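1. return atomic coordinates for the entry below.
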Amino acid sequence: MKKIYLMIFAIMLLVAVGTGCSNEEAENTEMKGQQVELTVSAAVSLQDALNDIKESFEKENANVKVNYNFGASGALQQQISQGAPVELFFSAAEDKFDKLVEEDLIEEKNGIDLVGNDLVLVVPKDSDKELGSLKDLTKATKISIGTPESVPAGQYAKQTLENLNLWKEVEDRLIYAKDVRQVLTYVETGNVDAGLVYKTDAMSSSKVDIIATAKEDLHDPIIYPVGMINDLDHSKEAKLFYDYLQTEASIKIFEKYGFKNLK
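-> Residues are numbered from 1 along each chain as shown. Predicted coordinates for the structure are as follows:
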């Protein structure tokens, strides 16, 4: 009987020691800082630059993981308006960003116009179409642009074509895409004769040639605002990443991919 009591006592002692160790490990974990995940909804044209920035940011901030939700700015803005859990919004158009400001989802003081871009005409590398300028689009059979209602690049493309008095002439030849990267893919694969995309996207591809750059007075300014969503669970970490996007190191990455520094 005595042996049984001794065995029970020994088991209880081991459990107590194990519990103490677990508590100590938990305390140590808390001291190191809990892992925080941020969701950033961003225009798909920012993908390459933001992936580089994420890598360097997470090396310096080991307890923060950045998750991107890339897409067309209009679609992303609607998701956030409908309650999608997002910490930051990085738009390719001011009007989509301003919509969230109007809805009190972003405060103006928590946003900044960070970078800019150009709109360019691209054709497949092996193209035999004689396209030397935007006005030569009348020679193309199929032209791709982003859907103007939801894709800022498509909106800028429509403005450019209208201001060149080409819209009505080429409208029935247009192939609409869900975002600017899809436009680029259509051109790369030869599914269309030409496309209007951002300069930064064209620079990322070895399968297209840039034929012309749209003059700035042909469309609204191509500005990328970024801001923090109100009432965040992780406002401290969101501010940390928001500030990091504005550092000299981040701006250099944006410039490497062809973006203009608007700071």
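
2. drop to CA atoms for contacts and neighbour counts, all remaining ones
-> Will do.

3. flag the shaky bits of this protein, pLDDT-wise.
-> Scanning the chain with the threshold set as pLDDT under 70 gives 1-33.

4. which residues in it form strands?
-> 36-43, 64-71, 88-90, 106-116, 119-124, 143-146, 174-177, 194-198, 208-213, 223-229, 260-261 (DSSP state E).

5. of all the ones you listed, which one is nearest Gln79?
-> Relative to Gln79, the nearest member of the strands of the chain by CA to CA is strand 36-43, separated by 9.4 Å.

6. out of the strands of the chain, deepest packed?
-> Highest mean neighbour count of the strands of the chain: strand 194-198, a mean of 30 (counted as mean count of other CA atoms under 10 Å).

7. off-centre distance for it?
-> Put simply, strand 194-198 sits 18 Å off its chain's centre (CA atoms, centre = their mean, to the nearest Å).

8. and what of stretch 98-106?
-> Between the mean C-alpha position of stretch 98-106 and that of its chain there is a distance of 18 Å (CA atoms, centre = their mean).

9. buried ones in it, by neighbour count?
-> Within stretch 98-106, the residues that qualify as buried by neighbour count (16 or more other CA atoms under 10 Å) are Asp98, Lys99, Leu100, Val101, Leu105, Ile106.

10. next, format these as TSV and append distance to Val36.
-> Below are those laid out as TSV (distance: CA to CA, whole Å):
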residue	distance to Val36
Asp98	28
Lys99	28
Leu100	24
Val101	26
Leu105	21
Ile106	21
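
11. those in helices, which ones?
-> Among the buried residues of stretch 98-106, the members falling in helices are Asp98, Lys99, Leu100, Val101 (criterion: DSSP state H).

12. and the first one, what does it touch?
-> Counting by CA atoms under 8 Å, 6 or more residues apart in numbering, Asp98 makes contact with nothing.

13. next, work out how far apart it and Val64 are.
-> According to CA to CA, to the nearest Å, Asp98 and Val64 sit 28 Å apart.

14. next one: Leu76
-> Using CA to CA, one obtains 22 Å as the distance from Leu76 to Val64.

15. next one: Gln35
-> Distance from Gln35 to Val64, by CA to CA: 6 Å.

16. number of nearby residues for Glu255?
-> Applying the criterion other CA atoms under 10 Å, we find 15 residues in the vicinity of Glu255.

17. cool, Gln78 as well?
-> When neighbours are counted by other CA under 10 Å, Gln78 registers 15.

18. ditto for Leu137
-> Around Leu137 there are 23 other residues, counting by other CA under 10 Å.

19. who's in contact with it?
-> So, once contact is read as CA under 8 Å, 6+ apart, Leu137 ends up touching Leu131, Ile143, Val170, Ala194.

20. quick one: which of these is nearest Asp48?
-> Checking these one by one against Asp48 (CA to CA), the nearest turns out to be Ala194, at 22.6 Å.

21. contacting residues for the closest residue to the closest one other than its chain neighbours?
-> Here the nearest residue to Ala194 in space, its sequence neighbours aside, is Val123; by CA to CA, 6 or more residues apart in numbering that works out to 4.6 Å. The neighbourhood of Val123, defined by CA under 8 Å, 6+ apart, consists of Val187, Glu188, Asp193, Ala194, Gly195, Val208, Asp209, Ile210, Ile211.

22. thought the second one was touching Pro124?
-> In this case it means Glu188. Yes. Proximity of Glu188 to Pro124 meets the contact threshold set by CA atoms under 8 Å, at 5.5 Å.

23. before we move on, back to that, reformat the strands of the chain as a markdown table; add distance to Asn163.
-> Putting those into a markdown table (distance: least, CA to CA, whole Å) gives the following:
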| stretch | distance to Asn163 |
| --- | --- |
| strand 36-43 | 25 |
| strand 64-71 | 27 |
| strand 88-90 | 28 |
| strand 106-116 | 21 |
| strand 119-124 | 14 |
| strand 143-146 | 16 |
| strand 174-177 | 17 |
| strand 194-198 | 15 |
| strand 208-213 | 14 |
| strand 223-229 | 19 |
| strand 260-261 | 24 |
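
24. cool, thanks, signing off.
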